[in-house]
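[1] Predicted model and sequence follow; I will ask about them next.
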Amino acid sequence: MLSKENNELICRVGRGTPMGNLMRQYWIPALPAREFPEAGSPPLRMRLLGENLVMFRDTLGRVGALEEYCPHRGASLYFARNEEGGLRCAYHGWKFDVNGNCMDTPSEQPDKREKLCARVKAKAYPCREINKMVWIYMGPRETPPPFPEFEINLLPDAQVGEPQIMMEQANWLQNIEGDLDSAHLDWLHSRLGEDSPKPEVGLPGFWNPTGLPPILDTVTTDYGAYYSAKRLMPDGMEWHRVNQFIFPLHTMITLGNGAVALRSFVPVDDFHTMLITHPGHPCRPLTKEEEYFSGMGFEEVGGYVERTSDPRTYYLTKVNKDNDYGRSMSMQKSQMFLGVPFVGNLQDRAMTELMTNEDEEPMYDRTREHLGTSDAMVVTVRRQLINAASKLRDENTPPPNVDNPKLDRVRCGTFKFKPGTDWKAEAKPRLVVRENEPAAGDLNLIL
Ligand code: FES
Ligand SMILES: [Fe+2]
């Protein structure tokens, strides 16, 4: 359980909040490059960390992010014209480039324009496009910190797949905590029996051959933490599923086939989170099936709702909390523990999106929970977040992987060891990025 203060400390991400300030120390993924198909294409509304933005690719091909409201008198730049190296506000024609520089104030007399332009700046956040993704830096530094060196940012573009996104209608922390909690695989994602018929949609479900719950063991690092969930196999071997948490909002969980993926839980605001899964392969381009697996088949459950210009409607699947996530009681009776399709984080969302605080907002009140040993990683990461957010607030010290992005060069993996093996020693060398070597994945229990 957390005190109310600590819960608020690490849940809220708006400007000026301790956790929001911590996230703003980092480059974070914002939108896939495919959202900006060509130079001069129409601006998009975006909302990140509770701030309303307009993102666009200017006529020179640069991607930019400006605060939505025009510095003149606050009109929405969503309606701006994207022309000749900047956005021209539709209200009085003032124009700004991707760096926020004022290029023109045509509603003023010609002799006044230059001076006024020199005084006015739009709030602009640096963007960087790499391997099909646009990242953004929303922090206070004049020169942004070095770019994160996650493997999917280091691989050649051809070996990296399209980012797959699922909007989750809840606070970022309760969403990311699912990736830190391996025990729920044996329940939420499980099939009813080893021989249960495969459901018609989605993945067939997780099956733990011995039925014993996993034993968790956590390791803290300079960049976050990783943990093993150890399960006993019928042959007496021990299976370790080792997952990563990397500051401030990323995880890595094993995909199989030697592929790698970064999972980022990016807060749109306090009550909406984009889960971005960005897959790649260290040795070769991904196959169609691998892209499908990492994309997790949203089209199988009807795809996304038709979006409006409100970013909270982006990547929102048609099956969602308003229709019980497409639950089928016949699937629940004969195939899966929960009759919601095992597609992306849909089953997880059925659990996390309905967790609320006393105002019935989807930000769980953790003063009410009761934790067990299977929550070890959740506890470890919460403690790290509380410490990091407090240290930044009180001493102005960010975590080490802000300025040393080499710390991001890590992987997750699964390993089968003989009982009594020192898993930490054995796994450690395979939890770092190794060029042209597939990621470790000895066994996949999603049958
Ligand atoms: S409000 Fe944008 S130019 Fe006037
Ligand atoms: Fe899950």
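    That came through fine. Ligands and ions are numbered 1, 2, ... in the order given.
[2] Surely Lys416 is in a strand?
    Yes. Under DSSP: H, G, I helix; E, B strand; the rest coil, Lys416 sits within a strand.
[3] That one against Val242, yeah?
    No. Taking contacts as CB atoms under 8 Å, Lys416 lies outside contact range of Val242: 11.8 Å. Bear in mind the C-beta positions are built from the backbone N, C-alpha and C, glycine included.
[4] Could you check how many residues crowd around Pro438?
    For Pro438, the count of nearby residues is 16 (other CB atoms under 10 Å).
[5] Name the helix or strand for it, please.
    Per DSSP states H and E: Pro438 is located in neither a helix nor a strand.
[6] can you pull the contacts of the closest residue to it other than its chain neighbours?
    Nearest in space to Pro438, with sequence neighbours left out and distances taken as CB to CB, 6 or more residues apart in numbering, is Gly258 at 2.5 Å. Counting by CB atoms under 8 Å, 6 or more residues apart in numbering, Gly258 makes contact with 281-283, 438-439, 441.
[7] how close does the residue nearest to Arg57 when sequence neighbours are not counted sit to Tyr223?
    Spatial nearest neighbour of Arg57, chain neighbours left out: Phe36 (3.8 Å); criterion: CB to CB, 6+ apart. Separation of Phe36 from Tyr223 (CB to CB, to the nearest Å): 30 Å.
[8] Now do the residue sitting nearest the centre point of the chain, the pLDDT please.
    Closest residue to the average C-alpha location of the chain: Ser264 at 1.9 Å, with CA atoms, centre = their mean. pLDDT, Ser264: 98.
[9] So is the helix or strand hosting it next to ligand 2?
    Per DSSP H and E, Ser264 falls inside strand 260-269. No. Interface with ligand 2: strand 260-269 contributes nothing (CB under 5 Å from the ion), its closest point being 10.9 Å away.
[10] Which elements pack onto the next helix-or-strand element following that strand?
    Later in the chain than strand 260-269, the nearest helix or strand by DSSP H and E is strand 272-280. Counting contacts by 3 or more CB pairs under 8 Å, 6 or more residues apart in numbering; DSSP states H and E, strand 272-280 packs against helix 151-154, strand 164-168, helix 172-176, strand 260-269, helix 288-295.
[11] Among the ones you listed, show me which one is buried the most.
    Comparing the helices and strands packed on strand 272-280 by mean neighbour count (mean count of other CB atoms under 10 Å), helix 172-176 ranks first with a mean of 26.
[12] Partner strands of whatever helix or strand comes next after that one, with direction?
    Once the chain leaves helix 172-176, the next helix or strand it forms, by DSSP H and E, is strand 215-220. Take DSSP bridges as the rule and strand 215-220 pairs in its sheet with strand 224-232 (antiparallel).
[13] How far off centre is the partner strand?
    With CA atoms, centre = their mean, to the nearest Å as the basis, strand 224-232 stands 20 Å off its chain's centre.
[14] Next one: the following helix or strand past it, is it in contact with ligand 2?
    Next in sequence after strand 224-232, counting helices and strands by DSSP H and E, comes strand 238-246. No. Strand 238-246 does not reach ligand 2 (CB under 5 Å from the ion); its nearest approach is 11.0 Å.
[15] quick one: buried residues of strand 238-246?
    For strand 238-246, the neighbour count (16 or more other CB atoms under 10 Å) marks 238-246 as buried.
[16] same check, this time on stretch 351-366
    351-353, 355-357, 362-366.
[17] ends of that stretch, how far apart?
    Stretch 351-366 has an end-to-end distance of 15 Å (criterion: CA to CA, to the nearest Å).
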